[in-house]
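[1] Sequence below, structure please.
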Amino acid sequence: MAAILDNDGMASALVFSEPFHFLVAKDVLAADAAAALAADSPRYRGAGFFPHDVADCGPSVNALVTELIAPAFADALGARLGIERLSKYPTLVTLCRALNLRHGTIHTDSRSKVATALVYLSPDWPDISAGCLRFLVKPDDIESVLVPELRPIYGRLAAFKREDNSFHGHLPFEGERPVIQVAWLVDEVARDRKTRRGRFSRALKWLVGRIDGWFGSGRDRNAAHLD
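    Got it, this is the predicted structure:
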C-alpha cells in the first residue's frame with residue numbers, strides 16, 4: 001500500500017512557539033486515500049474517542065495509524081514542537097466518529113500527555129464555526145483565538161505540545177466528525193490507564209445503546225473523553 005501521509009503537506013505546516021508550541025497543516029493525507037479511509041473507519045456506537053483496535057478498522061486506517069506512530073514521524077513532529085526525540089514516549093491512538101454537545105470545552109490536556117496530533121477526515125464541513133478547533137490565549141474565552149480556527153476537513157492536521165497554557169477547544173457540535181488522535185504519553189502506566197478507561201467507556205456505550213434500543217430512546221447520554 002502506498003504511503004498515506006503526504007510529506008509535502010507536513011513540510012508546509014505553520015509552526016508556532018508562543019504562547020505555547022503548536023502547528024497546523026493542510027493536505028497531509030494523500031487525496032486518493034480519502035474513499036478507502038472513509039470505508040475503513042470504525043462505526044463506533046455513540047460519541048467520543050475510543051482506543052484504536054486493528055479489528056475495528058480496515059487496512060487503510062490501520063496503515064495510516066502505523067505511519068502516524070512511526071518514530072520518524074514522531075521525531076519530525078517533535079522537532080517542530082520543541083520536543084527532543086518524541087518517539088521515545090509511548091503512544092495512544094484513539095479514533096472518533098462523532099461528537100455530542102459535551103465535547104469541545106476549553107482545556108490543556110492532562111499532564112500525562114507530552115504532545116498530541118489530530119488528523120481530520122471529514123470530506124467537507126458546513127460553513128459554521130461549531131466543531132472547528134481553536135488554539136486559545138485564555139482558559140475562559142473561546143473567542144481568544146491565536147490563529148484562524150481549523151475546520152476538520154480531510155487531510156488537515158493540528159498538533160501541540162502539552163503545556164500549562166496549551167488551551168484549545170471548539171464551539172459545541174453534535175454529529176459526525178471523524179478524526180484520528182495520536183497522543184505521546186509520559187510513560188506506559190499512563191498509556192495503559194487511558195487505554196483501560198477508553199475500553200470501559202466503549203463497553204458502557206454499547207450497553208447504553210442496547211438499553212436505549214430496548215426502550216426506544218436511541219439517545220446518546222454520555223461522551224467519552226481521553227484527555
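[2] Any chance you could list what contacts stretch 172-182?
    The contact list for stretch 172-182 (CB atoms under 8 Å, 6 or more residues apart in numbering) reads 38, 41, 47, 49, 52, 61, 64-65, 68-69, 91-104, 116-122, 130-131, 152, 226. All C-beta spots, glycine's among them, are computed from the backbone N, C-alpha and C.
[3] Could you list the buried residues of it?
    173, 177-182 (16 or more other CB atoms under 10 Å).
[4] Would you mind listing which of the contacts of stretch 172-182 are buried?
    Counted by 16+ other CB under 10 Å, these give 38, 41, 47, 49, 52, 61, 64-65, 68-69, 91-100, 102-104, 116-122, 130-131, 152, 226 as buried.
[5] Let's see which of those end up in strands.
    The strands, defined by DSSP state E, take in 49, 91-99, 116-120 from these.
[6] Roughly how far does G169 sit from H107?
    Applying CB to CB, to the nearest Å, the value for G169 to H107 is 7 Å.
[7] Compare those two and say which one has the larger neighbour count.
    Legend: neighbour count by other CB atoms under 10 Å for G169 and H107, higher for G169 (17 against 14).
[8] is that one in a bridge, and if so with what?
    Counting by DSSP bridges, G169 is bridged to R134.
[9] Against L157, how distant is it?
    Counting by CB to CB, the gap from G169 to L157 is 18 Å.
[10] what does A33 give?
    14 Å.
[11] element containing L171?
    Taking DSSP states H and E as the definition, L171 sits outside all helices and strands.
[12] before we move on, which element is the spatially most central residue of the chain in?
    With distances taken as CA atoms, centre = their mean, Q181 lies nearest the centre of the chain, 2.9 Å away. Assessed by DSSP H and E, Q181 sits inside strand 175-185.
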